[in-house]
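# this one's structure only:
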């Protein structure tokens, strides 16, 4: 093995150690009943119910004039879903609770693998796309987006890097989609 490969392995080990440390640390909050219930509710709402509700709210408030934007958001979300599924099936990263006995599972996972966080991907995507078009919604969208991202780690479903990569994919997709309409 050459120096570069050794350096890459060392960096990979450090990242995995950081990921595990923060996963364990944040998952401790799920031992508190009220915290676990709150994040379980947020996670379930992040399954799509909150975002569908926001889309319906915008449509009800603004009418047919926002239909092109809502179609664009839907198509961008479907693109995110395809990327998310592809990455999950290629990386096959087990969920934290499957690897570390100290991590408590706080919510039933929707699928088997961890990387990337689809909840976070869609939370960022919807927040960016709706927030750019309707900035008055940002005081509701931003905190919910952050809570969804936190819930994934606190409930033992994802590592922090799963959430970060999901957020990056969601942000990039939303940005590209919005740039294509300007």
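Here it is on my side, so go on. What you see is a predicted model; the values in this text were computed from it and never measured.
# Return the residues in contact with the residue nearest the centre of the chain.
Taking C-alpha atoms, centre = their mean as the criterion, residue 120 is the residue nearest the geometric centre of the chain, at 1.0 Å. Residue 120 makes contact with 148, 149, 152, 158, 162, 163, 166, 167, 170, according to C-beta atoms under 8 Å, 6 or more residues apart in numbering. No exception for glycine: its C-beta is placed from N, CA and C like everyone else's.
# Show me which pair in those is furthest apart.
158 and 170 (13.8 Å; C-beta to C-beta).
# Count the residues that sit near the closest residue to residue 94 other than its chain neighbours.
Leaving aside its sequence neighbours, residue 94 sits nearest to residue 114 (C-beta to C-beta, 6 or more residues apart in numbering; 6.3 Å). By other C-beta atoms under 10 Å, 25 other residues sit near residue 114.
# Distance of residue 114 relative to residue 34?
As judged by C-beta to C-beta, to the nearest Å, residue 114 and residue 34 stand 26 Å apart.
# Could you do residue 146 as well?
18 Å.
# now swap in residue 98 and tell me
26 Å.
# Next: residue 28.
14 Å.
# With residue 11 instead?
38 Å.
# from what I can see the residue nearest to residue 94 touches residue 93, true?
Yes: counting by C-beta atoms under 8 Å, residue 114 does reach residue 93; the two are 4.5 Å apart.
# hey, what's in contact with both of the two?
With contacts defined as C-beta under 8 Å, 6+ apart, the residues shared by residue 114 and residue 93 are 159, 162.
# which residue ranges form the strands in this structure?
Remark: no strands are assigned in the chain by DSSP state E.
# so where do the helices sit in this structure?
Residue ranges of the helices in the chain, as given by DSSP state H, are 3-27, 33-44, 50-62, 67-91, 96-99, 118-133, 138-154, 160-181.
# Would you mind finding the most buried of those helices?
Comparing the helices of the chain by mean neighbour count (mean count of other C-beta atoms under 10 Å), helix 118-133 comes out on top with a mean of 24.
# what's the angle from it to helix 160-181?
30 degrees (axes from the mean of the first three to the mean of the last three C-alpha atoms, to 10 degrees).
# quick revisit: and of the contacts of residue 120, the nearest to residue 3?
residue 162 (29.6 Å).
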